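Novice: Let me see the structure of the following:
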Amino acid sequence: MGDYTLPDPLLDKKGQKITNTSAWEGIRRNEILQDFSELMYGQMPEFAVNQKAEVIAVRKDALDGLGTRTIINLSFF
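Specialist: You can find the predicted model right below:
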């Protein structure tokens, strides 16, 4: 694997050092949350997505009676 260095969490996108709570809460925290949203989760489509959920099977005695296993088929069209 290649080398990777995590970005400094106390340096904003403009390269300015975050030195107090208000700068963290007002600037950097939002930048990190936005990056995480875009890079980890992706963006939801702006158009309406039709969806359907169908329960395929339910097993009440899963994990030796400790849990319930439900298999659900999700369709997006």
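Novice: Doesn't residue 49 belong to a strand?
Specialist: No: using DSSP: H, G, I helix; E, B strand; the rest coil, the secondary structure at residue 49 is coil, not a strand.
Novice: Do you know the pLDDT at it?
Specialist: Residue 49 carries a pLDDT score of 78 in this model.
Novice: Okay, it and residue 74: tell me how far apart.
Specialist: 11 Å (CB to CB, to the nearest Å). To be clear about C-beta, it is placed using only N, CA and C from the backbone, and glycine gets the same treatment.
Novice: can you pull out the helices in the chain?
Specialist: Under the criterion DSSP state H, the chain contains helices at 21-23, 29-36, 62-65.
Novice: TSV for these, including mean neighbour count and distance to residue 13?
Specialist: Output for the helices of the chain, formatted as TSV (neighbours: other CB atoms under 10 Å; distance: least, CB to CB, whole Å):
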stretch	mean neighbour count	distance to residue 13
helix 21-23	11	13
helix 29-36	12	6
helix 62-65	9	46
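Novice: pLDDT below threshold where in the protein?
Specialist: Scanning the chain for pLDDT under 70 picks out the ranges 1.
Novice: Centroid-nearest residue for it?
Specialist: Closest to where the C-alpha atoms of the chain average out (CA atoms, centre = their mean) is residue 41, at 4.3 Å.
Novice: any idea how far residue 21 is from it?
Specialist: 27 Å.
Novice: just residue 58 next, same as before
Specialist: In terms of CB to CB, residue 58 sits 49 Å off from residue 21.
Novice: re the thing from before, with residue 5 as the reference, name the closest of the helices of the chain.
Specialist: helix 29-36 (15.5 Å; CB to CB).
Novice: Next, the residues that contact the closest one from outside, please.
Specialist: Helix 29-36 is contacted from outside by 9, 12-13, using CB atoms under 8 Å, 6 or more residues apart in numbering.
Novice: swap in stretch 51-70?
Specialist: With CB under 8 Å, 6+ apart as the criterion, stretch 51-70 contacts 71-77.
Novice: Now with 7 Å, please.
Specialist: 71-76 (CB atoms under 7 Å, 6 or more residues apart in numbering).
Novice: So which of those is the closest to residue 17?
Specialist: residue 76 (43.7 Å).
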